[in-house]
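S.K.: Whatever this is, show me its structure:
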Amino acid sequence: MRYIPVACFALIPFGIWGQSVFYGHANTLILSSLLLLFLFKDENAYPINTWVKCFGAYLCGWVIAGYTLSFMDLNKLAPWFYAINDSVFLMIAGLIFYRAVYRGDIPLSLWGNVICLVATLQAMLGIMQVSGFDPVVWFLKNCVDLVSTSGNVAAGTLGNQNFLAAYLAISIPFFLNKDESFRKTRLCLLPVILVALLLTKTTTAFAAAIIGVAFLFGGVKWAVISVLPAVVVYGIKYHDAPFSNARIMYWKDAWESTTHSIQTFIFGWGPGVTWKPGNMLHSEYANTFFNYGLIGVLLMLAYFVSTTIKAENRYLQAAVLIIAVNIIGNHAFHLVSTATLALVVFALNERENRESMLFQ
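M.R.: Numbering: from 1, shown residues only. As a prediction, the model looks like this:
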């Protein structure tokens, strides 16, 4: 039972796909969380981060509000209520996963090696997809009738190149970790990750990786300096309209629609409510403000600050930084695979901080 969390993590990106790759990842997380809830035994009693508990309580408040308002006017508010219900259900499953990693005793070295293994498999799939052979499509064609495919795009099993790029960027510090366990193998595989990352052509993840690696080897000073090449990368891609590309227009529209009343400004529109049908805001900060209002953004920022200031492990700290930068221009928390990777990083970082405090 001890290894359930790491086994579930490794299988989520390759899990039951169901109706589509996105539904499949969600179904696998729910199944994994149920297994963790009923079978996993806590190996420590470390307290949960205050800001995580506050966010969990805030989610419960939204559920109570959803049930109450739907009870009062069920027909008109039914779509809004179902959006909240589905979203909160997945978040609670994610929090169960976070808790299992945080209160487990699987060593950081094993977690790091599994993360590197999964990232390498995803990178290899992405490289093969760009070269013209998609093993994912080949496998699925032999099992089900495919409605559509992503074409010759580096996406792995994550459905989109932006998600693959985020997954690879976040994994880079684990390849560079000085832990002796499979260190040479991890370093030999790192070029595969970098090639696949370049093939995704995703600016935000590439910039986040630059800043994260700069911080890893040079600290805050070099992380700040590395913002310049990251901005250059952005400028090269959006040289024709650096401040008027589609995503900035999305964020502006979401800001205007959310700040039009004091209620939505403070509380947002509710978990799971989409900005526009079939379109995302491509920023977790913008999404958080749109869904949870000012309260949600403040809780999110408070968590990032609290978990990085006291961080003891530079590699995990760098991974957290990569996540924080990447989600400026990517909605990585909206795909279960990349969200679960972020949860593992957060949980391991919290656990390392707690263990360091005990030995001081």
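S.K.: What residues of the longest helix anywhere in the chain count as buried?
M.R.: For the chain, the longest helix by residue count, based on DSSP state H, is helix 74-102. Judged by neighbour count using 16 or more other C-beta atoms under 10 Å, the buried positions of helix 74-102 are 80-81, 83-85, 87-102. Where C-beta positions appear, they are placed from N, C-alpha and C, glycine not excepted.
S.K.: Quick one: list the elements packing against that helix.
M.R.: helix 4-11, helix 21-39, helix 50-72, helix 336-359 (3 or more C-beta pairs under 8 Å, 6 or more residues apart in numbering; DSSP states H and E).
S.K.: rerun that using 10 Å as the cut-off
M.R.: helix 4-11, helix 21-39, helix 50-72, helix 284-309, helix 336-359 (3 or more C-beta pairs under 10 Å, 6 or more residues apart in numbering; DSSP states H and E).
S.K.: To Leu176, which of these lies closest?
M.R.: helix 336-359 (14.3 Å; C-beta to C-beta).
S.K.: pLDDT averaged over the closest one - what is it?
M.R.: Helix 336-359 comes out with an average pLDDT of 89.
S.K.: what's the angle from it to helix 74-102?
M.R.: 50 degrees (axes from the mean of the first three to the mean of the last three C-alpha atoms, to 10 degrees).
S.K.: could we number from 30 for the rest of this?
M.R.: Sure, I'll start numbering at 30, so the last one becomes helix 365-388.
S.K.: Only alpha carbons, please: show helix 365-388 as PDB.
M.R.: Output of helix 365-388 as PDB, limited to C-alpha atoms (Å, rounded to 0.1, in the frame of the first residue of the first chain):
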ATOM      1  CA  VAL A 365      -5.200  16.400 -14.600                       C
ATOM      2  CA  SER A 366      -1.800  15.100 -15.600                       C
ATOM      3  CA  THR A 367       0.000  18.500 -15.300                       C
ATOM      4  CA  ALA A 368      -2.100  19.400 -12.300                       C
ATOM      5  CA  THR A 369      -1.100  16.200 -10.600                       C
ATOM      6  CA  LEU A 370       2.500  16.800 -11.300                       C
ATOM      7  CA  ALA A 371       2.200  20.200  -9.700                       C
ATOM      8  CA  LEU A 372       0.400  18.700  -6.700                       C
ATOM      9  CA  VAL A 373       3.300  16.200  -6.200                       C
ATOM     10  CA  VAL A 374       5.800  19.000  -6.400                       C
ATOM     11  CA  PHE A 375       3.900  21.100  -3.900                       C
ATOM     12  CA  ALA A 376       3.400  18.200  -1.500                       C
ATOM     13  CA  LEU A 377       7.100  17.100  -1.700                       C
ATOM     14  CA  ASN A 378       8.200  20.600  -1.100                       C
ATOM     15  CA  GLU A 379       6.000  21.000   1.900                       C
ATOM     16  CA  ARG A 380       7.100  17.600   3.300                       C
ATOM     17  CA  GLU A 381      10.800  18.500   2.900                       C
ATOM     18  CA  ASN A 382      10.200  21.800   4.600                       C
ATOM     19  CA  ARG A 383       8.500  20.100   7.500                       C
ATOM     20  CA  GLU A 384      11.200  17.500   7.800                       C
ATOM     21  CA  SER A 385      13.900  20.200   7.800                       C
ATOM     22  CA  MET A 386      12.100  22.000  10.600                       C
ATOM     23  CA  LEU A 387      12.000  18.800  12.700                       C
ATOM     24  CA  PHE A 388      15.800  18.300  12.400                       C
END
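S.K.: List the buried residues of it.
M.R.: Quick answer for helix 365-388 (16+ other C-beta under 10 Å): 365-383.
S.K.: Now the element after the strand or helix carrying Val224, going C-ward?
M.R.: Following DSSP states H and E, one finds Val224 within helix 212-229. Heading C-terminal from helix 212-229, the first helix or strand you meet, by DSSP H and E, is helix 232-254.
S.K.: just checking, what packs against that following helix?
M.R.: helix 190-205, helix 212-229, helix 256-266, helix 343-355.
S.K.: 6 Å instead?
M.R.: Contact partners of helix 232-254 among helices and strands, from 3 or more C-beta pairs under 6 Å, 6 or more residues apart in numbering; DSSP states H and E: helix 190-205, helix 256-266, helix 343-355.
S.K.: Check those helices for me: which has the lowest mean pLDDT.
M.R.: helix 256-266 (a mean of 73).
S.K.: re earlier: would you mind putting the helices and strands packed on helix 232-254 into CSV with mean neighbour count and distance to Ile45 alongside?
M.R.: Below are those laid out as CSV (neighbours: other C-beta atoms under 10 Å; distance: least, C-beta to C-beta, whole Å):
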stretch, mean neighbour count, distance to Ile45
helix 190-205, 28, 18
helix 256-266, 14, 36
helix 343-355, 25, 26
